[in-house]
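Student: Need a 3D model of the following:
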Amino acid sequence: MNKSVGFILLLVMFTNTMNAELANGKIEEFFIKSGIEERKIRIYYPNNNSVDDDTTFIIMNDGEELFLERDSWRGRTWRIDKSFDELAKINKAPNVIIIAVQSAKKYKGKFLDNTRRYLELFPKEAIKFLPEGNKKKIYGSLADTDYPKFLVESVVPFVEGKFKINLDKNNLGVIGSSMGGLSALNTIVEYPDEFGFAGCLSTHWIGIKPWEYLLLPIRQRISGDQDTIDAIYEYVKENISTIQNHKVYFDRGTRGLDYLYKKPQESVDKLFFDNNINFETQVYKGHDHDPVDFGKRFIPAIEFLL
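Tutor: Sure, this is the predicted structure:
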């Protein structure tokens, strides 16, 4: 058997097995060239929806944390299939297609945990606002992957070609959590004509100190970095006018890492309010920085954004 044919058959079998385990809808899997490797893209059809002129497409970051628990590196996911099943049962299922984009693959790289996810999703345009010194040099040399550009130049054309449609701010948005939430905001700021809304759950405003990153496998916690907080804020402030006609959803929990988001999120909320941005911000008491909690907030997020 031809190797490529065998791979396709194996992929189909895996996808069929996965679909059988979903609470709602179906998934198709594809691979798109991304940097040095291929990246998995999952197209999720809630309620087996067909596509029409009123369908909204939502790109979701960290696609491996959205569906089955075995896909996630920590065994905890949003389970958005269950959210859509809940909406279907009350006849509120939205006409959407989800484009779940896998995060940066682990490989022998420049960080102890062998992943480039943090640097990939960090807004490169904020680096110029960091103070001069080693930290700025480190970000400038290592943060060399432009994730929003990858979405616009690779993922969006792929989806347009598959469905024979044109995607723009009228029918396309992006949602993510933690660094994925920060990247979602970065994406609509940099590409306001291509994306109409951003869902930013538990947005990771606080960055990480280099020494904390190196000790993360041992300490399992971070305190954040004020220079990074300030740089991201100044970046958003400088570009706030680009999203005057867009929708942005923010939320955060009150436990764990989310506890540290309170002050920076409140600063961004004020910035958005003062500039008349169409946004919503929510605080969920008792929620932690956890995919299961993100999933509990998925329905409120899309109800505001759609």
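Student: Give me the three-state assignment for the nearest residue to E212 once chain neighbours are set aside.
Tutor: Closest residue in space to E212, ignoring its immediate chain neighbours: I222 at 4.7 Å, by Cβ to Cβ, 6 or more residues apart in numbering. From N, CA and C alone the C-beta is placed, and that goes for glycine too. Here I222 is recorded as coil under DSSP: H, G, I helix; E, B strand; the rest coil.
Student: Quick check: I208 touching Y118?
Tutor: Yes. Between I208 and Y118 there is a contact at 7.1 Å, judged by Cβ atoms under 8 Å.
Student: sorry, back to before: kindly tell me how buried the residue nearest to E212 is, as a neighbour count.
Tutor: I222 is flanked by 17 other residues according to other Cβ atoms under 10 Å.
Student: Relative to P192, how far out is it?
Tutor: Separation of I222 from P192 (Cβ to Cβ, to the nearest Å): 31 Å.
Student: Kindly report the same for K26.
Tutor: Following Cβ to Cβ, the distance that separates K26 from P192 is 32 Å.
Student: same check, this time on M18
Tutor: Note on M18: its distance to P192, by Cβ to Cβ, is 35 Å.
Student: can you check P94 too?
Tutor: Here P94 is placed at a distance of 23 Å from P192 (Cβ to Cβ).
Student: go on, I240?
Tutor: 11 Å.
Student: Same check on P131?
Tutor: Distance from P131 to P192, by Cβ to Cβ: 28 Å.
Student: Have a look at these two and say which one is more surrounded.
Tutor: P192 (17 against 9).
Student: neighbours around K137, how many?
Tutor: Neighbourhood size, K137 [other Cβ under 10 Å]: 12.
Student: For it, which residues are in contact?
Tutor: Contacts for K137 (Cβ atoms under 8 Å, 6 or more residues apart in numbering) come out as none.
Student: Ramachandran angles for it?
Tutor: Main-chain torsions, K137, degrees, to the nearest 10: phi -70, psi -40.
Student: quick one, strands of the stretch 101-250 of the chain?
Tutor: Assigned by DSSP state E, counting those that start in this stretch, the strands in the stretch 101-250 of the chain fall at 172-177, 197-201, 247-253.
Student: could I get these as CSV with mean pLDDT?
Tutor: What follows is the strands of the stretch 101-250 of the chain, written out as CSV (pLDDT from 0 to 100):
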stretch, mean pLDDT
strand 172-177, 98
strand 197-201, 98
strand 247-253, 98
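Student: Mean neighbour count for those - can I get that in CSV?
Tutor: Shown next, in CSV, are the strands of the stretch 101-250 of the chain (neighbours: other Cβ atoms under 10 Å):
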stretch, mean neighbour count
strand 172-177, 28
strand 197-201, 28
strand 247-253, 24
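Student: nearest to S154, of those?
Tutor: Among these, the nearest to S154 by Cβ to Cβ is strand 172-177 (14.2 Å).
Student: Where do the helices of the protein begin and end?
Tutor: Counting by DSSP state H, the chain has helices at residues 3-21, 80-89, 117-121, 134-142, 147-150, 156-163, 179-190, 210-219, 226-238, 262-274, 291-296, 298-305.
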